[in-house]
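Asker: everything below, folded, please.
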Amino acid sequence: MDKIDKAILNTIQSSFPLVSRPYQAIGQQIGISELEVFERIEELKRRKIIRRIGGIFDSRNLGYVSTLCAARVPESKIPQLAELTQGITEITHNYLRNHFYNMWFTVIACSERRLQQIIDTVRTVLGSDEVYSLPAKKIFKIEVRLNFNDGGLAPEAPAPTSFKQIGRKTPVTKMALTEQDKALIRLIQDNLPATLTPFASIAQELQRDEKEILDSLQKFLDGGILRRVVAILYHQKAGFISNAMGIWDVPEHRVDEVGYKIAGFAEVSHCYQRCSLPNFPYNLFTMIHGRSDAECRALMAKIAEKVNIKDYSLLFSQAELKKSSMRYFLEPYGVC
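Answerer: Below is the predicted model:
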């Protein structure tokens, strides 16, 4: 990738313009033509650096429930569990990590009943109850943005003190969604159409006006159900070969202070307060991506010094068994 590719990736990981000619808007920001932006993005897709460009939604504000699960899986059972999770659409991510809880997967489901049904299925196939659910108690940050600026670790951002400062609104009341809204969500959660005017193409498919589509997307943003429209990357293909979950044992009275400080680090993509587990006292979970394991370790040490927490660990991804995006409002009738 050259400097222009990196500038494009830095831009569209933050936001993809919700305007009639988004590639023109990106080009004006970077200083190249609309057509060159479009062709470069299509080439980055072909090279498997960009996974998709589409909507990232707040599952809770859509009426869904989610959790992170930790499981202790014997090596002989890993292939069977990996195949099982591939076939369950609500399991979006599944990684093997270097811990006695060695399989970590996320579930997003349309109801608590369906969520528990999925966890029970995994326990049945595993033949063990050692599958634990760790739902988020508080979200401090969700924002995957790989840094393509040269020069190692990204500069530290000022420590945020609220959801608003980290680009995450406080939870809002669930919007009443029409069938027309749900149809738009089904389309925008996939790859945007590969045209210079993607929102016009979506409008045509839904038999609506382009302005209506753009107004609806802005309504979703303002209402808290759409986090943003962005590019999602293949991390390893983009050069970020190390993926690690940082786990922290934080005194309860310091969770907010530490959570917001950690969220201020650009390299941290996720930061949640979660329940602890048997023989696993950690209650703050962070995700970081680096160009090497050493870079991730250096970042964790830097964060630990900043927040003055000594009891922490890094769980590196040893294998990516599944990575997908949740597809909302596509459940078969009766599942929920």
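Asker: all helices for the protein, in order.
Answerer: 3-14, 22-30, 34-46, 78-86, 112-126, 179-188, 198-206, 210-223, 255-263, 293-307 (DSSP state H).
Asker: ok, Ile49 touching Phe240?
Answerer: No: shown here, Ile49 and Phe240 do not form a contact pair, counting by CB atoms under 8 Å, at 10.7 Å. From N, CA and C alone the C-beta is placed, and that goes for glycine too.
Asker: circling back: closest one to Glu331 among the helices of the chain?
Answerer: helix 112-126 (8.0 Å; CB to CB).
Asker: what residues sit buried inside that closest one?
Answerer: Within helix 112-126, the residues that qualify as buried are Arg114, Leu115, Ile118, Ile119, Val122, Leu126, counting by 16 or more other CB atoms under 10 Å.
Asker: then stretch 8-25?
Answerer: Neighbour counts over stretch 8-25 (16+ other CB under 10 Å) mark 8-13, 16-18, 20-25 as buried.
Asker: mind giving me the packing neighbours of the lengthiest strand in the chain?
Answerer: Determined from DSSP state E, the single longest strand within the chain is strand 312-323. Identification of packing neighbours for strand 312-323 by 3 or more CB pairs under 8 Å, 6 or more residues apart in numbering; DSSP states H and E yields helix 78-86, strand 91-97, strand 103-109, strand 242-248, helix 293-307.
Asker: can you put these in a markdown table and add distance to Leu192, mean neighbour count and mean pLDDT?
Answerer: Below are the helices and strands packed on strand 312-323 laid out as a markdown table (distance: least, CB to CB, whole Å; neighbours: other CB atoms under 10 Å; pLDDT from 0 to 100):
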| stretch | distance to Leu192 | mean neighbour count | mean pLDDT |
| --- | --- | --- | --- |
| helix 78-86 | 26 | 16 | 97 |
| strand 91-97 | 20 | 21 | 97 |
| strand 103-109 | 21 | 23 | 98 |
| strand 242-248 | 26 | 22 | 94 |
| helix 293-307 | 31 | 17 | 96 |
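Asker: turn these into TSV, columns for distance to Leu284.
Answerer: What follows is the helices and strands packed on strand 312-323, written out as TSV (distance: least, CB to CB, whole Å):
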stretch	distance to Leu284
helix 78-86	25
strand 91-97	16
strand 103-109	15
strand 242-248	4
helix 293-307	9
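Asker: closest to Glu320 out of those?
Answerer: strand 91-97 (5.8 Å).
Asker: could you check the angle that closest one makes with strand 312-323?
Answerer: Strand 91-97 and strand 312-323 meet at an angle of 130 degrees, taking axes from the mean of the first three to the mean of the last three CA atoms, to 10 degrees as the criterion.
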